[in-house]
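1. for reference, the sequence and a predicted model appear below.
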Amino acid sequence: MINESFYNQLKHSPLGAVALFLAWLLTPNVVAADEQVTFCTPSGNIECIYTPVGGTSVYEPVDGGPELSCDRVSPRYVRVVLGPTGPATLFEDVGDAGAGGNANILEYGKSLSRGPFSCTSTRGGLSCIRAGKQSHGFFIRRSGIKMY
């Protein structure tokens, strides 16, 4: 971290401004491991929320977390939840439906990992798995859901 007077000197010189811009551009967008993260597929049909162990100030998973919850909008709104142990659970009557409109897109062919969970987005759907001694996961798409 740079001190404020040095920063002010840099930002008022042409080369300093370029250096600051390049530093900002090259700094990775880091999300702390203990933050809740939302993402969706490029189609917008599937949106997921990762919640870390202990939850957040407004939401705590029933079993304390971590938790991965993915909603599929079409053809019928459903939710798949994968917790810290056991297989995923399918909820077909979702009372708090809210997926859609997430700006954090997990592009096709890309993966995202948080906590013990890893998800990969493909044109065919979204595959998510929880690593560990007994891995469990699910594959979700318009035409169906497979849990394992």
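-> Arrived safely, thanks for sending.
2. for the rest of this, base every contact and every neighbour count on C-alpha atoms.
-> Noted.
3. for Phe91, grab the count of nearby residues.
-> 13 (other C-alpha atoms under 10 Å).
4. over to the one 4 residues further on?
-> For Gly95, the number of neighbouring residues by other C-alpha under 10 Å comes to 8.
5. helix, strand or coil for it?
-> Following DSSP: H, G, I helix; E, B strand; the rest coil, we place Gly95 in the coil state.
6. who are the contact partners of it?
-> Residues counted as contacts of Gly95 (C-alpha atoms under 8 Å, 6 or more residues apart in numbering): none.
7. then the one 3 residues further on?
-> Residues in contact with Gly98, defined by C-alpha under 8 Å, 6+ apart, are absent; none qualify.
8. just the pLDDT for it.
-> Per-residue confidence (pLDDT) for Gly98: 74.
9. and the one 4 residues further on, by the same measure?
-> Predicted confidence (pLDDT) for Asn102: 71.
10. now it: which helix or strand?
-> Assigned by DSSP states H and E, Asn102 belongs to neither a helix nor a strand.
11. my read: it touches Ile49, true?
-> No: taking contacts as C-alpha atoms under 8 Å, Asn102 lies outside contact range of Ile49: 10.5 Å.
12. now the common contact residues for those two.
-> With C-alpha under 8 Å, 6+ apart, Asn102 and Ile49 have common neighbours Thr38, Phe39.
13. can you give me the helices for the chain?
-> For the chain, helices defined by DSSP state H occupy the ranges 4-11, 14-26.
14. would you single out the least confident of the ones you listed?
-> helix 14-26 - the lowest mean pLDDT of these, at a mean of 40.
15. tell me how far Glu67 lies from Ile49.
-> Applying C-alpha to C-alpha, to the nearest Å, the value for Glu67 to Ile49 is 8 Å.
16. these two: which has the busier surroundings?
-> Glu67 (28 against 17).
17. what's near enough to touch that one?
-> So Glu67 contacts Tyr50, Thr51, Pro52, Val53, Pro61, Val81, Leu82, Gly83, Pro84 (C-alpha under 8 Å, 6+ apart).
18. what about the closest residue to the first one other than its chain neighbours, neighbour count?
-> Setting aside the residues directly before and after it, Tyr50 is nearest to Leu68 in space (C-alpha to C-alpha, 6 or more residues apart in numbering), at 4.6 Å. Taking other C-alpha under 10 Å as the neighbour definition, Leu68 ends up with a count of 30.
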